[in-house]
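**Q** the sequence isn't on hand, but the structure is:
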């Protein structure tokens, strides 16, 4: 009995000294940490092992999954982390809606110019039968024409050649009807009035003292 116990202790000592773990410890260690199999080995097994179709399909899926992990590790550095990607280029901006030349400030709209109404252009006095010019000077009255038509006649009293103030009167020679007059005006003045002249002879003169006698008189025929 003592010899058997001594032999068992000697065998245990030899096992411990050699570093070989007992069978139970190896089984526990293998159960705690599963054995790592590379993708290359899995693919080789799937190619050469005459297994059933289901087993072959499982091995093929494991092989493809292992290849995918290897590719992911090469691209992203970690399994499940995608590699670098480029952001899509933004769309080009459309043309600006601001009109040309308006980048420095707001666009201002200029109002349309207001049309001006021009006075009607009257025929010149020499060709208009209802107009006459009377020039006064020292000392005389000069008519642009001797005869005008009866009606509303435009009479222009022009002192552009005069040196002194003068006035003008228009009266019928027979003394009938109304008389018309222009106030005393300084030299250089041009005044016009529209007068209703009836048929007959009209006397024109300056009523200032001594002016008619000095020659400031004329006769206009209205026909």
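**A** Nice, thanks for sending it over. Fair warning: this is a prediction, and the values are worked out from it, not measured in the lab.

**Q** hey, which helix or strand in this protein has the poorest pLDDT?
**A** Of all helical and strand segments in the chain, the minimum by mean pLDDT, DSSP states H and E falls on helix 23-32, at a mean of 50.

**Q** per-domain residue ranges of the chain.
**A** The record's domain parsing of the chain by automatic domain parsing lists 36-82, 131-222.

**Q** pick the most deeply packed of these.
**A** domain 131-222 (a mean of 16; mean count of other CB atoms under 10 Å). The C-beta positions use only the backbone N, C-alpha and C, and glycine is treated the same way.

**Q** span of that domain from start to end?
**A** End-to-end distance of domain 131-222 (CA to CA, to the nearest Å): 11 Å.

**Q** kindly report the same for stretch 145-153.
**A** Using CA to CA, one end of stretch 145-153 lies 13 Å from the other.

**Q** same check on stretch 144-158?
**A** Across stretch 144-158, first to last residue, CA to CA, it's 11 Å.

**Q** quick one: contacts of that stretch?
**A** By CB atoms under 8 Å, 6 or more residues apart in numbering, the residues outside stretch 144-158 that reach it are 122, 125-126, 128-136, 168, 170, 180, 182, 185, 189-199, 219-223.

**Q** in which helix or strand does residue 59 reside?
**A** Assigning secondary structure by DSSP states H and E places residue 59 in helix 53-76.

**Q** I'd like the average pLDDT over that helix.
**A** Regarding helix 53-76, the rounded mean pLDDT is 62.

**Q** identify the bridge partners of residue 134.
**A** Under the criterion DSSP bridges, residue 134 forms beta bridges with residue 143, residue 157.

**Q** same check, this time on residue 195
**A** For residue 195, the beta-bridge partners are residue 153 (DSSP bridges).

**Q** how much space separates it from residue 58?
**A** Per CB to CB, to the nearest Å, residue 195 is found 129 Å from residue 58.

**Q** can you tell me which of the domains of the chain the model trusts least?
**A** Among the domains of the chain, domain 36-82 carries the lowest mean pLDDT, at a mean of 59.

**Q** what's across from residue 190 in the sheet?
**A** According to DSSP bridges, the residues that bridge with residue 190 are residue 158.

**Q** for it, give me its contacts.
**A** Residue 190 makes contact with 156-160, according to CB under 8 Å, 6+ apart.

**Q** closest one of the residues you listed to residue 175?
**A** For these, the minimum distance to residue 175 (CB to CB) is 22.5 Å, reached by residue 157.

**Q** give me the phi and psi for residue 165.
**A** phi -70, psi 150 (degrees, to the nearest 10).
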